[in-house]
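Asker: sequence plus the predicted model coming up.
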Amino acid sequence: LKLQFLYLIVEPTTAMRKAQPHTKLLDDGQSAASEQLHEAASWQLFVCIIPALSGPFLFGYCLGFTSPAFSVNKDSWRPENLDSMMSLTADQITWFGSILAVAAGVGALVCGPPVDRFGKKLGMLAANLLMLIGFVVLVSTPAVVAKNVPEADVPRGPSMGLANGKQMAQLCVARVIMGLANGFICVTSAAYMSELATLKLRGVFGAFFQNAVVAGIVSSYLVGMFTNWEGMSYCAISVAAVGLLTSLIIPESPQWLVTKGREEDAEASLRRMRSEDSDIKSLMTSLKAQVEGRRSVADAPRRSLTAELCEAPRGKALLIGLGLMATAQLNGISAVAAYASAILGQVWPDGNTAKSFAFYGQLIKLTVTVFASSLMAKFPRRYMLAGSLSGMIASCFCICLYFFDDSLPAALVMVGYVGYLVSFAMGTGALSWLMLGEIFHPNVRATASAICTAWNWLLTFYISKTINVYKEAFGGGDEHKGMGCVFAMYGGCACLGLLFALCCLPETLGKSYKHVERDMLGRAGRSPVDDLLMP
């Protein structure tokens, strides 16, 4: 399975490097210098990335939707507030929030062959259509909200909720459809933008994906401050409709067209994407050479994937990849993104205050995410990851300290929450995926990345689903103590990730795959000083 999502994790640093002669990258990881090609973007190129950006934006919107749409704080169950939330139990909320990850993993796996056969344009059209259908199903769920309920009759405690099984089933179906759309987005959007971009814009377009996801999360929090879950759904439907309509008028990727032998269509697509003074003929020649190079590599005889993965450096690389995904997820980031309002609501019972603080934290995270992209091309990966995890450990300590002793200032939680998000944005989030594209041999990269991606989605589901389970198990009825124990557990997992980063990860910045492979084989004999002095 060819996971085009790899474009996202290997391209963002390209724009940060110094200008170099135009090169064509082959699948064996080697580069062959070619003649300098003149190409410049046309205005149509920026129009064509609208549907490609609407996908990751809605991806993030879905991830953040749960936090402002729900509230499990007792003060929010007053009759005048009942029409501003979905009335679900805490367990139902975690199912709603977590089932998206399972569906997204399935969608990413099943859409690969159809996208290879029918093109990325059709894949993005399908993603926007599925997203639109998912939110329509969600907003059409009947009688999810209980209205005009006397305060004395409103249920209290962790089991409160008013949705029946039929309603919950429809909500889950809606989230499954959205999850499938997210899987399609992972495979198509980043790859489409990378294939359309000029050399100078490729790194910028690659960073657009991650920034669009974070912007989607921030937007869901912002919209949730001013409207209820139905209004949030209608906003998403509007964005999906725009993405769907623009998907109908954009051209197909020139690279895919050349792969299918449609060279005239590929040239026409290039002419739309490039300015009039671009050297289209030379660009087409270079593009055909790249496609032929990939075909020759793909057709070359090779051993079975099992035999490849059992080799010492490649098997170790797979274990490191799985460790990177665990490091990125077991610190609790998925639960914090999905349930931030509920977590902060235990400190500030006023639902609007909790939603506002959750939004401000995500807005700061978006700003830091944009800034951090420039740092990842300059500083060693391992030490940026270690610094990021250290910040998350300190932030988790601040949060659990308050929950264990609520006589402390409530601002301690806000400091910990913002520090947690900023620390994640500074390295753990992006670097885990970036390094995933740098540690695998080309022969096993697609399969190994698919395994790691599936593992990541599984961990996302686990973290999103179990936060309330652990809170109740650790707290024994004391919600503050339970939440403090949960963040202590997340901080402990971040400590294990820090040890993993310092002791097991090879440095990949500025190194070829062969150099990285040699480091993985001889990792035990290298010290941190060696990594700094011997890049």
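Answerer: Yes, it's here. Residues are numbered from 1 along each chain as shown.
Asker: which ones are touching residue 274?
Answerer: The contact partners of residue 274, by CB atoms under 8 Å, 6 or more residues apart in numbering, come to 39-42, 45, 198, 280, 283. The way it works is simple: take the backbone N, C-alpha and C, and place the C-beta from them, glycine included.
Asker: low-scoring pLDDT stretches of the stretch 351-500 of the chain, where are they?
Answerer: Scanning the stretch 351-500 of the chain for pLDDT under 70 picks out the ranges 351, 377, 437, 442-446.
Asker: on that earlier part again, from the contacts of residue 274, list the buried ones, please.
Answerer: Buried subset of the contacts of residue 274 (neighbour count, 16 or more other CB atoms under 10 Å): 39, 41-42, 45, 198, 280, 283.
Asker: which residues touch stretch 393-403?
Answerer: By CB under 8 Å, 6+ apart, stretch 393-403 touches 331-332, 346-347, 408-410, 412-413, 415-417, 419-420, 423, 480-481, 483-485, 487-488, 490-491, 494-495, 498.
Asker: filter those residues down to the buried ones and hand me the ChimeraX line.
Answerer: Applying 16+ other CB under 10 Å to the contacts of stretch 393-403, the buried members can be selected in ChimeraX as follows:
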select :331,332,346,347,412,413,416,417,419,420,423,480,481,483,484,485,487,488,490,491,494,495,498
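Asker: so where is the stretch 151-300 of the chain shaky, pLDDT-wise?
Answerer: 151-164, 202-204, 206, 293-300.
Asker: show me where it has strands.
Answerer: Per DSSP state E, counting those that start in this stretch, the stretch 151-300 of the chain carries no strands over any range.
Asker: pull the number of nearby residues for residue 356.
Answerer: By other CB atoms under 10 Å, 17 other residues sit near residue 356.
Asker: so which bits of the helix or strand in which it is found are buried?
Answerer: Using DSSP states H and E, residue 356 sits in helix 351-375. Buried residues in helix 351-375, counting neighbours by 16+ other CB under 10 Å, are found at 351, 354-359, 361-366, 368-369, 372-373.
Asker: after that helix, next one along is what?
Answerer: Next along from helix 351-375, by DSSP H and E: helix 381-404.
Asker: restricting to C-alpha, output that following helix in CSV.
Answerer: Extracted in CSV, the C-alpha atoms of helix 381-404 (Å, rounded to 0.1, in the frame of the first residue of the first chain):
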residue,chain,number,x,y,z
ARG,A,381,15.7,16.1,16.0
ARG,A,382,16.4,14.1,19.1
TYR,A,383,17.1,17.1,21.3
MET,A,384,14.1,19.0,20.0
LEU,A,385,12.0,16.0,20.8
ALA,A,386,13.6,15.6,24.2
GLY,A,387,13.0,19.3,25.0
SER,A,388,9.4,19.0,23.9
LEU,A,389,8.8,16.0,26.1
SER,A,390,10.5,17.7,29.0
GLY,A,391,8.1,20.6,28.7
MET,A,392,5.1,18.2,28.6
ILE,A,393,6.4,16.5,31.8
ALA,A,394,6.6,19.8,33.6
SER,A,395,3.2,20.8,32.4
CYS,A,396,1.6,17.6,33.5
PHE,A,397,3.2,18.1,36.9
CYS,A,398,1.6,21.5,37.2
ILE,A,399,-1.9,20.2,36.3
CYS,A,400,-1.8,17.2,38.6
LEU,A,401,-0.4,19.4,41.4
TYR,A,402,-3.5,21.5,41.4
PHE,A,403,-5.9,18.6,41.1
PHE,A,404,-4.2,17.0,44.1
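Asker: so can I have JSON lines of the contacts of residue 274 showing distance to residue 379?
Answerer: Shown next, in JSON lines, are the contacts of residue 274 (distance: CB to CB, whole Å):
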{"residue": "39", "distance to residue 379": "31"}
{"residue": "40", "distance to residue 379": "31"}
{"residue": "41", "distance to residue 379": "30"}
{"residue": "42", "distance to residue 379": "35"}
{"residue": "45", "distance to residue 379": "31"}
{"residue": "198", "distance to residue 379": "27"}
{"residue": "280", "distance to residue 379": "39"}
{"residue": "283", "distance to residue 379": "34"}
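Asker: leaving out the residues flanking it, which one is nearest to residue 429?
Answerer: Leaving out its chain neighbours, the residue that sits closest to residue 429 by CB to CB, 6 or more residues apart in numbering is residue 328, at 6.6 Å.
Asker: so the one you found: helix, strand or coil?
Answerer: Here residue 328 is helix, with the state taken from DSSP: H, G, I helix; E, B strand; the rest coil.
Asker: how far out from the middle of the chain is stretch 452-470?
Answerer: 14 Å (CA atoms, centre = their mean, to the nearest Å).
Asker: okay, buried residues for that stretch please.
Answerer: Buried positions in stretch 452-470, judged by neighbour count with 16+ other CB under 10 Å: 452-453, 455-457, 459-461, 463-468, 470.
Asker: quick one: contacts of it?
Answerer: Outside stretch 452-470, the residues that touch it by CB under 8 Å, 6+ apart are 3, 5, 90-91, 93-95, 97-99, 101-102, 104-105, 108-109, 158, 186, 318, 321-322, 324-326, 328-330, 332-335, 338-339, 436, 482, 485-486, 489.
Asker: switch the cut-off to 6 Å
Answerer: Residues from elsewhere that reach stretch 452-470 (CB atoms under 6 Å, 6 or more residues apart in numbering): 90, 94, 97-98, 101-102, 104-105, 321-322, 325, 329, 332, 334-335, 338, 436, 486.
Asker: now swap in stretch 515-522 and tell me
Answerer: So stretch 515-522 is contacted by 313, 316, 439, 506, 508 (CB under 6 Å, 6+ apart).
Asker: for the residue lying closest to residue 50 once chain neighbours are set aside, grab the count of nearby residues.
Answerer: Closest residue to residue 50 apart from its sequence neighbours, by CB to CB, 6+ apart: residue 246 at 4.8 Å. Residues near residue 246, counting by other CB under 10 Å, number 20.
Asker: now swap in the one 3 residues further on and tell me
Answerer: Look at residue 249: counted by other CB under 10 Å, it has 11 neighbours.
Asker: and it, how close does it get to residue 50?
Answerer: 10 Å (CB to CB, to the nearest Å).
Asker: same question, residue 316
Answerer: Counting by CB to CB, the gap from residue 316 to residue 50 is 42 Å.
Asker: what do you get for residue 261?
Answerer: From residue 261 to residue 50 the distance is 28 Å (CB to CB).
Asker: those two: which is more packed in?
Answerer: residue 50 (15 against 10).
Asker: thought the more buried one was touching residue 247?
Answerer: No. If you go by CB atoms under 6 Å, residue 50 and residue 247 don't touch, sitting 8.9 Å apart.
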